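Asker: quick one: sequence and predicted model below, then my questions.
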Amino acid sequence: MEGKRVSESRITLTQLMGPNDANLLGNVHGGLIMKLCDEAGGMAAGKHARRTAVTVAVDSMTFHSPVHVGDLVTVTAEVTWVGRTSMETRVVVTAEDVYTGRITHTNTAYFVYVALDENGRPAPVPPLILETDEEKERWQRAAQRQQYRLQQRRQEGI
């Protein structure tokens with residue numbers, strides 16, 4: 001199976017946050033941001049595998065700053081690591097005040113997906129071609145996270 005570059009999986013979603021997206025304080029619901037992250041991560045995984053990819057795990061998601069009504073939210077995702085059938089995606093969220101131009105990093109999260117074949121069974125994914133030192137470092141950190149996830153699963157008896 002021929003490998004694919006990280007850049008080939010990259011996806012960007014941009015959405016204006018309106019009143020229906022927010023709580024009474026005018027902050028966008030964290031659940032909505034999580035949904036956008038999962039959608040972007042899933043699309044990046046699907047682009048890499050050229051198959052349906054389903055969410056298996058989400059590492060912790062910490063919000064560093066709120067997203068407000070009127071902000072333009074940008075969610076960027078790319079594959080950072082691949083196994084035989086699974087992939088990790090790095091998802092970065094920013095919020096832009098379109099009037100001032102101020103961009104705030106709201107959170108970064110890591111999602112794991114498994115590629116599925118036509119019968120809904122795990123399917124092999126292409127290897128990841130790492131071109132930059134940053135991509136290689138992200139791969140190493142992702143591999144460590146994956147080892148930790150697997151260790152946690154074993155300890156939980158899953």
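Answerer: Arrived safely, thanks for sending.
Asker: backbone phi and psi for the residue nearest to residue 103 when sequence neighbours are not counted, please?
Answerer: Nearest non-adjacent residue to residue 103, counting by CB to CB, 6 or more residues apart in numbering: residue 96, 4.8 Å away. C-beta coordinates here come from the backbone N, C-alpha and C atoms, glycine included. Here is the backbone geometry of residue 96 (degrees, to the nearest 10): phi -120, psi 130.
Asker: give me the number of residues near residue 96?
Answerer: By the criterion of other CB atoms under 10 Å, residue 96 has 18 neighbours.
Asker: so how far is residue 77 from it?
Answerer: According to CB to CB, to the nearest Å, residue 96 stands 18 Å off from residue 77.
Asker: same deal with residue 144?
Answerer: Taking CB to CB, one finds residue 144 at 20 Å from residue 77.
Asker: do residue 45 as well
Answerer: From residue 45 to residue 77 the distance is 8 Å (CB to CB).
Asker: quick one: distance of the helix or strand harbouring residue 153 to the chain centre.
Answerer: Here residue 153, judged by DSSP states H and E, is contained in helix 133-156. Distance, stretch centre to chain centre, for helix 133-156: 15 Å (CA atoms, centre = their mean, to the nearest Å).
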